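> sequence first, predicted model second:
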Amino acid sequence: MKIRGYATLKDVAKKAGVSLATASRALNNRGDVDQTTRKKVLEAAKALSYTPNPLARGLLSGTTKTIGILVTTIQNPFYAAVVSGIEKVLAAEGYTIILCNSHEDPEAEREAIRVLLARRVDGLIIAPVQSKPDGLELLFKSNVPFVFVARYMPGVDTDYVVCDDEAVGRLATEHLIDRGHRRILFMNSRGNSSAELRQRGYEQSLAAHGISPEPSLIRTVYYHTQAEEAISAALDEGLDPTAVFCFCDEMAVGVLRVLAARGIRVPEEIAVISCDNLAFSAVLHPPLTTVDIPEFEMGVEAARILLNKIKRRKKKTTQVVFTPKLVERAST
């Protein structure tokens, strides 16, 4: 028999000379199939390289054993670690994942959610681009369990696992102020919850020390690759910051590259601090002071919460907030 594409259960049944129902029972190791018939079905399945279709099974069982994961981009080592933590937990429970990237684009986020729901995933874990639910009506109206990870929607009663981003902003800013810095350039991300809360922490620390926040010292970088342009523009405008607080370690790499190219010494002339504590931050020149965020552990916890929702269908929300830690190195 010549099979085009994937072999189906119907193909297996035909090759074994049994009914579709008998083939299904044999492959699922049901006790009401005699050994001779089971052997014929298994040999047919092997000859055809047959593998069960989880979507077809899902139509019968109501589950697909798949989880949709939506992050900004897997190219970011931060989200690679989050997904690694998620996958570790899900794989142990027999789940597979479908991974999508939003690239910080609200429309791409909405489309990815539509596609994942159409694939009948059993649940979703999302690092949302948006900080309000208005643009994600499809998600909130669906009956599919979901958990936000790394980011969330303040004021909305949903399950989430995050780090205390307001504390992240305070930790980084306080560290710089303690070292005598008052003109601190904040290189922030776009308007997601983490960006909003880290900026709030930054401004709170400045105010606590009698330092008035200057709008010109807050720069929004939509992608980390724009960090070099942003720091170059700030320096060319003569802002003369004595320190730079970067939203993430990837931004800090671009900042350090520009400062080195201009012959500006770190930390003697400008100090640099960032967030995430990714593996490479310790081997930069100079090693980067950063705020540690337990991304792998957040992924693990998000997966556990989602599985609990899928298995128990509990309506009560679970909200986990990790505490950040300052990791001091030579860049400050």
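That came through, no problem.
> show me how the record splits the chain into domains.
Domains of the chain are assigned by automatic domain parsing as 9-52, 61-162+295-322, 165-292.
> turn the ones you listed into a markdown table, columns for distance to residue 329, mean neighbour count and mean pLDDT.
(Glycine included, C-beta is placed from N, CA and C.) Listed next are those as a markdown table, based on distance: least, CB to CB, whole Å; neighbours: other CB atoms under 10 Å; pLDDT from 0 to 100:
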| stretch | distance to residue 329 | mean neighbour count | mean pLDDT |
| --- | --- | --- | --- |
| domain 9-52 | 49 | 16 | 89 |
| domain 61-162+295-322 | 17 | 18 | 93 |
| domain 165-292 | 4 | 19 | 95 |
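> which one of those lies closest to residue 331?
Closest of the domains of the chain to residue 331 is domain 165-292, at 4.5 Å (criterion: CB to CB).
> re earlier: of the domains of the chain, which is nearest residue 330?
Per CB to CB, nearest to residue 330 of the domains of the chain: domain 165-292, 3.8 Å.
> that's a helix at residue 185, yeah?
No: under DSSP: H, G, I helix; E, B strand; the rest coil, residue 185 falls outside any helix and is assigned strand.
> that one reaches residue 245, doesn't it?
Yes: applying CB atoms under 8 Å, one finds residue 185 in contact with residue 245, separated by 7.0 Å.
> now do the strands in the protein.
66-71, 96-101, 123-126, 146-149, 160-163, 184-188, 218-220, 243-246, 271-276, 289-292, 319-322, 325-327 (DSSP state E).
> please produce TSV containing the ones you listed, extended by distance to residue 27.
As requested, the strands of the chain are exported to TSV (distance: least, CB to CB, whole Å):
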stretch	distance to residue 27
strand 66-71	20
strand 96-101	19
strand 123-126	26
strand 146-149	32
strand 160-163	38
strand 184-188	54
strand 218-220	55
strand 243-246	54
strand 271-276	46
strand 289-292	48
strand 319-322	40
strand 325-327	51
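> once you drop chain neighbours, what's closest to residue 257?
Once flanking residues are discounted, residue 257 sits nearest to residue 228: 6.3 Å by CB to CB, 6 or more residues apart in numbering.
> which residues are in contact with that neighbour?
Under the criterion of CB atoms under 8 Å, 6 or more residues apart in numbering, the neighbours of residue 228 are 254-255, 257-258.
> looking at those residues, which is nearest residue 174?
Using CB to CB, the contacts of residue 228 come closest to residue 174 at residue 255, 19.8 Å.
> what residues does that closest one make contact with?
187, 227-228, 231, 244, 246, 272.
> now do 10 Å
185, 187, 221, 227-228, 230-232, 234, 244-246, 266, 270, 272, 274, 288, 331 (CB atoms under 10 Å, 6 or more residues apart in numbering).
> ok, for it, nearest residue in space, not its chain neighbours?
Excluding the flanking residues, the one nearest residue 255 by CB to CB, 6+ apart is residue 231, at 4.9 Å.
> what about the helices in the protein?
9-16, 20-27, 35-47, 54-61, 77-92, 106-118, 137-141, 165-178, 193-208, 227-236, 249-261, 295-312 (DSSP state H).
> now do the second one against helix 9-16, angle only.
For helix 20-27 against helix 9-16, the angle by axes from the mean of the first three to the mean of the last three CA atoms, to 10 degrees is 90 degrees.
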